[in-house]
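K.L.:
Sharing a model prediction with you, sequence too.
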Amino acid sequence: MADPIIEAAGLGIRFVRNRRRQLRLRDLALHRGRRGDHADGRFWPLRDLTFSIEAGDTVGVIGRNGTGKSTLLRLIAGVLIPDEGWITVRGAVAPLLELSAGFSAELTGRENLHLVGGLHGLSPSYLRRRVEEIVSFAGKQVEQALDTPVRHYSSGMKVRLGFAIISHLPHPVLLVDEVTAVGDAEFRQKCYATIDRLLGEGRTLVLVSHNEQDLTRFCRRGFYLDAGRMVVDGTMAEALAEYHRAVAR
């Protein structure tokens, strides 16, 4: 039997309020792993999470604001490093975690397309062959501004270009954080059709969303987090039911 594509045990991460100590990989390199403890303001956005996700699973992550949903996606993506426990991802990750998709504001849309694609392993020749297809997906507004610095893009334009790039990655794990909340109805339908296609190819999806229609459409399994802890790991319907009970209390 194949190992789970994502596996975690005793997973936890500690932040310090009012400090941007996000424990990114670059911080580990700069400080050689030395992390100062701060008696005041320390808190755990996630703690003691243990789970496994099989290849092809579709998981929706729900909970109130501030319960660690996006932090979990960043741990899966390797953007954040845990303080407790461990997490293993057996496969490359295609993450759409922010509207900007990691864009550099001073670079043009075209330059960011090549930068982000390259950082995720797409070759220059592949990007040259697919640039028209990617830009066409992003839409006319992005196409017209492709050689304009991204700092002039609206949030909707950034997410269009970001989704267009990420959807072309061949990676087996797709992480999506509220991306379909931005954009018009036509763009959302493009997103839905693309996610349907990727799932049809056997990709693994972990989706954070407040949109229950999106969650029930795409996700068979649900994680309900509360105060940084796993409350429900079951079907999407079970997770949503417990969430609604908690909100009604």
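P.N.:
Received the coordinates, thanks. Residues are numbered from 1 along each chain as shown.
K.L.:
Tell me which helix or strand residue 114 sits in.
P.N.:
Using DSSP states H and E, the element containing residue 114 is helix 109-119.
K.L.:
Identify the residues contacting whichever helix or strand comes after that helix?
P.N.:
Heading C-terminal from helix 109-119, the first helix or strand you meet, by DSSP H and E, is helix 124-138. The contact list for helix 124-138 (C-beta atoms under 8 Å, 6 or more residues apart in numbering) reads 110, 113-114, 117-118, 142-143, 146, 157, 160-161, 163-165, 167-168, 190, 194. Where C-beta positions appear, they are placed from N, C-alpha and C, glycine not excepted.
K.L.:
Flag the helix or strand of this structure with the lowest per-element mean pLDDT.
P.N.:
helix 25-31 (a mean of 46; mean pLDDT, DSSP states H and E).
K.L.:
What pairs with the helix or strand following that helix, parallel or antiparallel?
P.N.:
Later in the chain than helix 25-31, the nearest helix or strand by DSSP H and E is strand 42-53. Strand 42-53 pairs in its sheet with strand 6-16 (antiparallel), by DSSP bridges.
K.L.:
I'd like the mean pLDDT over the partner strand, please.
P.N.:
The pLDDT scores in strand 6-16 average 95.
K.L.:
and it, which residues are buried?
P.N.:
Neighbour counts using 16 or more other C-beta atoms under 10 Å place 6, 7, 8, 11, 12, 13, 14, 15, 16 of strand 6-16 among the buried residues.
K.L.:
Pull the distance from that strand to the chain's centre.
P.N.:
Distance, stretch centre to chain centre, for strand 6-16: 16 Å (C-alpha atoms, centre = their mean, to the nearest Å).
K.L.:
CA-only coordinates of that strand in CSV, if you can.
P.N.:
Output of strand 6-16 as CSV, limited to C-alpha atoms (Å, rounded to 0.1, in the frame of the first residue of the first chain):
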residue,chain,number,x,y,z
ILE,A,6,0.6,14.2,3.1
GLU,A,7,1.2,13.0,6.6
ALA,A,8,1.5,14.8,9.9
ALA,A,9,1.9,13.9,13.6
GLY,A,10,1.8,16.1,16.6
LEU,A,11,2.1,19.1,14.3
GLY,A,12,2.3,22.5,15.9
ILE,A,13,3.6,26.0,15.2
ARG,A,14,4.2,28.9,17.6
PHE,A,15,3.9,32.6,16.7
VAL,A,16,4.6,35.8,18.6
